[in-house]
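Asker: the amino acid sequence is not available; the structure is as follows:
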């Protein structure tokens, strides 16, 4: 599987973080703010917000000069250590939501190994949109890019002038060629040295013979070129909170056989569960990282429905994930971690007894197995919801959640199969308050032999003004073959304000 890496660039990270810390006391975004650092012994502009950038100030400018040019300029001391610590916390936040492999990319970004993760959000573009939306909601401006390499995504997120950039697989060369050499994460002095003979863009550098280039400028420009184009792997060391329970093993010789990896993964799981037991904790999720000899890190994540530390059960779930792990030329290190572990104590068997003293099955193990094989979103429980509109009266809840009290009306039975979106049908109706004599659904005409109804359901006016006058008339009907259906008319059959007067199939009785 081709590696896909997301780079997150936070262009106003220090000032955005300052505004978030100050909350309602933060100054207006229109007020120019400068973060002051030191260049040697003099105080200089180390960072600025968007309003300050619009005044023409530049990084590295003397503070005395900046205050003379911009009246009312607010000065704040740059807290580099605090910014880096906050960036680590932001990486932990992204790790919970997007991928097991997330790292801070100081001083103003994150890097996310999104290989095999985008389908959880629909596609890569939707994943980036969700990431930007969440950051914007938290008060952080961000530009994001996804590409086949960390270096390529890093360059495009910072120099492409797009807020969101999805590079197709294999398309990095075309997208990078016009970017400046500075996008390769080279030291400023190297960028200046490359500019003297006329190397202004990555494309110009890529087209140059590597031997003379290395002789004159060293190996660093070539290494960065290879990393940006994905020819050289960059390992992304995932962030972990200091108190996260973990277990690790380094191998003297790389391993790659499935049975060998499963054996050591089981041993690590036993070690991790022992650590959890010593801390009276249970894992809610387990992340596994497999460090390959070619500097690539494969990852796997297992989510659990309830906190657990049963080594045998957890090892089985983790080993099922191995089929998606490519060991390449071998794995020389394994790491397991249980982020977000929760308190868990042993319970007696009586805790599983119901009100009638009969044992209640613990389905957590089955649910976790299904979640691993089918995906977390594919396993859920349906419960009733407080709504008069049938398609709103059912909601998805976590599979282990205790079901709510049943609240559907008992006088009018509901079908065993609801359609999430009612399907239109063509009908031959006799009178407005009578069921149709026949209807055509999915191209098949059915004659109604028996019917019961109508059950009138009114719109939920407290949710929308559009529903103030709306109503529906539901009928249970049976056709010549004995099949029973639940159909309704959108409206009362007479007044156009109550609905479109069209008929719909709402469900089928089993």
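Answerer: Good, I have the coordinates. Predicted, not measured: the structure shown is a model, and the values here were computed from it.

Asker: list the helices and strands the helix or strand where residue 289 lies packs on?
Answerer: Element membership for residue 289, per DSSP states H and E: strand 281-292. Strand 281-292 sits against helix 258-278, strand 297-308, helix 311-320, strand 331-337, strand 342-343, with contacts defined as 3 or more Cβ pairs under 8 Å, 6 or more residues apart in numbering; DSSP states H and E. Backbone N, C-alpha and C define where each C-beta goes, glycine included.

Asker: the lengthiest strand in the chain pairs with which strands, and in what direction?
Answerer: When the chain is parsed with DSSP state E, its longest strand is strand 444-458. Using DSSP bridges, strand 444-458 pairs in its sheet with strand 436-441 (antiparallel), strand 471-479 (antiparallel).

Asker: stretch 487-503: end-to-end distance?
Answerer: End-to-end distance for stretch 487-503, by Cα to Cα, to the nearest Å: 7 Å.

Asker: got a list of contacts for that stretch?
Answerer: With contact meaning Cβ atoms under 8 Å, 6 or more residues apart in numbering, stretch 487-503 is reached by 422, 424-427, 429, 431-433, 435-436, 439, 454, 456-457, 469-475, 477, 504-506.

Asker: just the buried residues from these, in PyMOL please.
Answerer: Typed into PyMOL, the line below selects the buried ones among these, using 16 or more other Cβ atoms under 10 Å:
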select buried, resi 422+425+427+429+435+436+439+454+457+469+470+471+472+473+474+475+477+504+505+506
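
Asker: list phi and psi for the closest residue to residue 258 other than its chain neighbours.
Answerer: Distance criterion Cβ to Cβ, 6 or more residues apart in numbering; nearest residue to residue 258, sequence neighbours excluded, is residue 322 at 6.2 Å. Main-chain dihedrals, residue 322, degrees, to the nearest 10: phi -60, psi -30.

Asker: neighbours of residue 322, how many?
Answerer: For residue 322, the tally of surrounding residues (other Cβ atoms under 10 Å) stands at 17.

Asker: can I assume it is in contact with residue 300?
Answerer: Yes. Between residue 322 and residue 300 there is a contact under Cβ atoms under 8 Å: 7.5 Å.

Asker: and the strands paired with strand 444-458 as TSV, adding distance to residue 78 and mean pLDDT?
Answerer: Compiled in TSV, the strands paired with strand 444-458 are given as follows (distance: least, Cβ to Cβ, whole Å; pLDDT from 0 to 100):
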stretch	distance to residue 78	mean pLDDT
strand 436-441	67	93
strand 471-479	62	92
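
Asker: need the helices and strands packed on strand 281-292 in CSV with distance to residue 4, can you?
Answerer: As requested, those are exported to CSV (distance: least, Cβ to Cβ, whole Å):
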stretch, distance to residue 4
helix 258-278, 23
strand 297-308, 13
helix 311-320, 23
strand 331-337, 20
strand 342-343, 31
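
Asker: now for those, which one comes closest to residue 216?
Answerer: strand 297-308 (33.8 Å; Cβ to Cβ).

Asker: in its sheet, which strands sit next to the closest one, and in what direction?
Answerer: strand 281-292 (antiparallel).

Asker: give me the angle between the strand it pairs with and helix 311-320.
Answerer: 30 degrees (axes from the mean of the first three to the mean of the last three Cα atoms, to 10 degrees).

Asker: phi, psi of the spatially closest residue to residue 382 that is not a sequence neighbour?
Answerer: Computed as Cβ to Cβ, 6+ apart, the closest residue to residue 382 that is not its neighbour in sequence is residue 394, at 5.6 Å. Torsion angles at residue 394 (phi, psi; degrees, to the nearest 10) stand at phi -130, psi 140.
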